[in-house]
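> quick one, what's the 3D model for this:
(one chain, ligands or ions: 1)
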Amino acid sequence: MVTEDPTAPLLQMQGIVKTFPGARALDGVDLEVLPGEVHCLLGQNGAGKSTLIKVLSGAHQPTEGTILIDGKPAVIAHPVAALELGVATMYQELDVVDGLSIAENIYLGHELSTGGFTARRTLVKKTRELLDRLGHGELSPNREVGTLPAAGKQIVSMARALSHDARVIIMDEPSAVLDSGEVENLFRVVKELTKAGVAIVYISHRLDEIREIGDRITVLKDGASVASNLLVSETPTAKLIQLMTGREVENSFPTAPACRTTRLPSSRSRTSRSGAPSGTCRSRSAPARSSASPVWSAPVVPRSSRRSTGPATRRRAR
Ligand SMILES: Nc1ncnc2c1ncn2[C@@H]1O[C@H](COP(=O)(O)OP(=O)(O)OP(=O)(O)O)[C@@H](O)[C@H]1O
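Purely as a prediction, here's the structure:
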């Protein structure tokens, strides 16, 4: 796939709806991802982030809505179709096979076509190239994945995404399993990938991380995108929390314009690192709550620290 205009969206999701029996998990989500940007997806627990990435990775079919890749409608009928379209997902529960080597994990499901000894040598060589690219040339392609710490398994997962020539990599709370040194390495790798034009859809509950690594933000609430393409550099934390929770937050943060109801004219608009115009906000009926209650009384809980959740009952299917 070749994108002729480097600033044209690589991926667009428009009006995505996903219903399950008894629940409307997505209720109109728009997402636009540019080449070379880190696009952060924010939302409280249950906002619809997982469902959206499952739609994008071909694990779920949307009930309504359109997905465009390079401006062309795409049907992501199953996970292999997503990979063929250049969309790879790194799930938080790193889906690597402990009993296989690093090389076998990376090429699992898309083994090299030649057989025997030559294939094995090529496999190891290609794996070494991928690990080098990710700054982990010290890892042996033959090492069993079960012996790696979480950060190492994440590198394998990322190498697998690159082995599919992914142009969009979805990272679902990638830092949740990492210590601070490993997070630094993750950010270094993310920066190298984006420099090469790869787009990252980055899901995190850690707003400080988003400040460090993100370019633009889409906020989900109750299954819908309530703000799209906000520039990280222009959006105060209080605004993000207000968008995620629907509650006004007493503003002890900078008063930079958080979002605009219309896009600025392109000649005068400020742009992100990747050339994106400033974002738009969409009003959505938010519960009328007093600003007196502290925002942190409704904290966002990372999935890694939660037990399994029950079936959806909050939003009934219409
Ligand atoms: N297979 C399903 N069947 C029924 N309801 C579902 C299903 N998957 C998700 N939902 C519901 O859809 C809503 C959105 O869930 P989703 O897991 O996408 O949110 P999320 O933002 O990823 O939250 P979290 O951070 O807690 O994982 C929730 O109300 C959830 O219960």
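
> contacts only, for Gln61.
Counting by Cβ atoms under 8 Å, 6 or more residues apart in numbering, Gln61 touches 55, 77. In this view, the C-beta of every residue, glycine as well, is placed from N, C-alpha and C.

> in a strand, it, correct?
No. According to DSSP: H, G, I helix; E, B strand; the rest coil, Gln61 belongs to no strand; its state is coil.

> just the pLDDT for it.
Looking at Gln61, its pLDDT stands at 97.

> one more: Ser180?
Value for Ser180, per-residue pLDDT: 84.

> quick one, phi psi at it?
phi -60, psi -40 (degrees, to the nearest 10).

> against the ligand, how distant is it?
To the ligand, Ser180 is 22 Å away according to Cβ to the nearest ligand atom, to the nearest Å.

> can you tell me which residues contact that residue?
Contacts of Ser180 by Cβ under 8 Å, 6+ apart: none found.

> how near is it to Asp208?
Relative to Asp208, Ser180 is positioned 11 Å away (Cβ to Cβ, to the nearest Å).

> tell me how many other residues crowd the closest residue to Gly146 other than its chain neighbours.
Leaving out its chain neighbours, the residue that sits closest to Gly146 by Cβ to Cβ, 6 or more residues apart in numbering is Asp98, at 3.2 Å. Neighbours of Asp98 under the rule other Cβ atoms under 10 Å: 11.

> now do the SS call for Asp98.
Following three-state DSSP, Asp98 is assigned to coil.

> which helix is the longest one in this structure?
Longest helix of the chain, by residue count under DSSP state H: helix 116-133.

> now for Ala81: which residues touch it?
By Cβ under 8 Å, 6+ apart, Ala81 lies in contact with 58, 75.

> in what helix or strand does it lie?
In this assignment (DSSP states H and E), Ala81 forms part of helix 79-84.

> same check on Asp95?
Asp95 belongs to no helix or strand when assigned by DSSP H and E.

> my guess is it contacts Ser157, does it?
Yes. Contact criterion Cβ atoms under 8 Å: Asp95 and Ser157 qualify, at 7.2 Å.

> before we move on, back to that, quick one, phi psi at the residue nearest to Gly146?
The phi/psi pair for Asp98 (degrees, to the nearest 10) reads phi -60, psi -40.
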